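> The following comprises the amino acid sequence and a computationally predicted model.
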Amino acid sequence: MTIKLKCLSHTPLRGLNDPAPDVIAEVDAVLARARADVEAFDPELIVIFAPDHYNGLFYDLMPPFVIATAAVSVGDYMTLPGPLSVERDLALDLARFILDHDVDISLSHRLQVDHGCTQTLEELTGSLTRYPVIPIIINSVAPPFAPYRRIRRLGEVVGQFIATLDKRVLVLGTGGLSHEPPVPLLEGAPEAIGEFLICGRNPTPEARAARQARTVAAGKIYGTELSAQTPLNAEWDQAFIALLLDARLDAVDDFSIEEISKEAGRSTHEVRTWVAAFAALAAARGGYSAQRDYYRPINEWIAGYGVMSAEPR
Ligand SMILES: O=C(O)/C=C/c1cccc(O)c1O
Ligand SMILES: [Fe+2]
């Protein structure tokens, strides 16, 4: 087995509410380098840890983690719609392995996934089907959440499974860093929004367009005094990146969900996907060396935008 890792922020506002051209050029260059790395590595399997944003998972049955044996992109914002090339049997083997190692995980034989999963796949591979993939969705948006120590444990077990494979495996984490887009909360929500959060699958094109327009509008004022959303927190982001660079993964066991929400924004919990990805790499090969490829807080994208790479030492 050979293994590599990439973790990066996603943002559905890319192309819809862009920052200055020099920033776009910077990010394009970073992503082009990341894509070239992936091309050179030529993975035989991608394991992607991703969040969902009330497109596949709703409160009618909200799992802390779910592994998909088949997945289809809803094509929200500007992402590609359609099926992903999920390795069904291997995903099932992984689900059994995880359960056998005392971590509970849900299973979906037909999961709808959103930009939280597909944007990164598309950016790093050019499509949803280029390489065999296993999506593992970690609830990062719909509280209550499993504690960070459970995310680390999930990642470790996935890494132990990867270590048994005779394959080149790319592990991806997508989301974060600090940010708070206007994704509604169930607690205190008006009835119609509550109803959507419980069972809002397959919205009409009009409802999807309205959601997109709300997010774009939020992006236009994010980080100004006009915005009610928690602003980006570059200090928090840099400290989190430093923790990963130093391989101090056990420090996440002390993370307080409430404090992170307050300091860095409610959607910052998407970094759970990074925690799982790094824990998988560490467990697969007993240590890693990581690099920070990019970081910049980008208000227009509602994203503390970062990219990291890592591989075994
Ligand atoms: O779910 C949505 O509609 C919006 C999500 C979003 C917005 C801005 C930045 C992100 O990382 C998002 O996931
Ligand atoms: Fe997100």
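Cool, got the structure. Ligands and ions are numbered 1, 2, ... in the order given.
> Helix, strand, or coil at the closest residue to Y295 other than its chain neighbours?
Using CB to CB, 6 or more residues apart in numbering and skipping residues adjacent in sequence, the residue nearest Y295 is G306, 4.5 Å away. From N, CA and C alone the C-beta is placed, and that goes for glycine too. Following DSSP: H, G, I helix; E, B strand; the rest coil, G306 is assigned to strand.
> neighbours of G306, just the number please.
G306 has 25 neighbouring residues, counting by other CB atoms under 10 Å.
> was I right about it contacting I298?
No. Contact between G306 and I298 fails when scored by CB atoms under 8 Å: they sit 10.2 Å apart.
> what sits in contact with each of those two?
Taking CB atoms under 8 Å, 6 or more residues apart in numbering as the contact criterion, no residue touches both G306 and I298.
> if we can go back for a sec, could you report the distance from the residue nearest to Y295 to A34?
12 Å (CB to CB, to the nearest Å).
> joint contacts of these two?
L8.
> would P135 count as being in a strand?
Yes. Using three-state DSSP, the secondary structure at P135 is a strand.
> Show me what the closest residue to it other than its chain neighbours bridges to in the sheet.
Sequence neighbours aside, A68 is the residue nearest to P135 in space, at 4.6 Å (criterion: CB to CB, 6+ apart). In this entry, A68 is beta-bridged to S108, by DSSP bridges.
> for A68, what are its contacts?
A68 touches 86, 91, 108-111, 113, 134-137, counting by CB under 8 Å, 6+ apart.
> If we use 7 Å, what do you get?
By CB atoms under 7 Å, 6 or more residues apart in numbering, A68 lies in contact with 86, 91, 108, 111, 135.
> how about these in CSV, adding distance to P181 and pLDDT?
Formatted as CSV, the contacts of A68 follow (distance: CB to CB, whole Å; pLDDT from 0 to 100):
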residue, distance to P181, pLDDT
V86, 27, 98
A91, 29, 98
S108, 24, 98
L111, 22, 98
P135, 21, 98
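> Also within reach of ligand 2: list those from the residues you listed.
When contact is defined as CB under 5 Å from the ion, those do not meet ligand 2 at all.
> Considering those, which possesses the most neighbours?
P135 (27 neighbours).
> from memory it sits against Q112, does it?
No. Contact between P135 and Q112 fails when scored by CB atoms under 7 Å: they sit 10.7 Å apart.
> which residues do those two both contact?
Joint contacts of P135 and Q112 (CB under 7 Å, 6+ apart) do not exist.
> pLDDT at the residue nearest to Y295, what is it?
G306 is assigned a predicted lDDT (pLDDT) of 98.
> Please apply the same query to G176.
89.
> list the helices and strands the helix or strand hosting V169 packs on?
Under the criterion of DSSP states H and E, V169 resides in strand 168-174. The criterion is 3 or more CB pairs under 7 Å, 6 or more residues apart in numbering; DSSP states H and E, and the helices and strands that strand 168-174 contacts are strand 2-8, helix 21-41, strand 45-50, helix 115-125, helix 272-285.
> Between the ones you listed, which one is closest to L154.
Closest of the helices and strands packed on strand 168-174 to L154 is helix 272-285, at 5.5 Å (criterion: CB to CB).
> State the distance from the nearest residue to D37 once chain neighbours are set aside to L177.
Nearest non-adjacent residue to D37, counting by CB to CB, 6+ apart: S309, 6.8 Å away. Using CB to CB, S309 is found at 15 Å from L177.
> quick one: secondary structure of whichever residue of the stretch 151-300 of the chain sits closest to ligand 1?
Per CB to the nearest ligand atom, P181 is where the stretch 151-300 of the chain lies closest to ligand 1, at 3.3 Å. Three-state assignment for P181 (three-state DSSP): coil.
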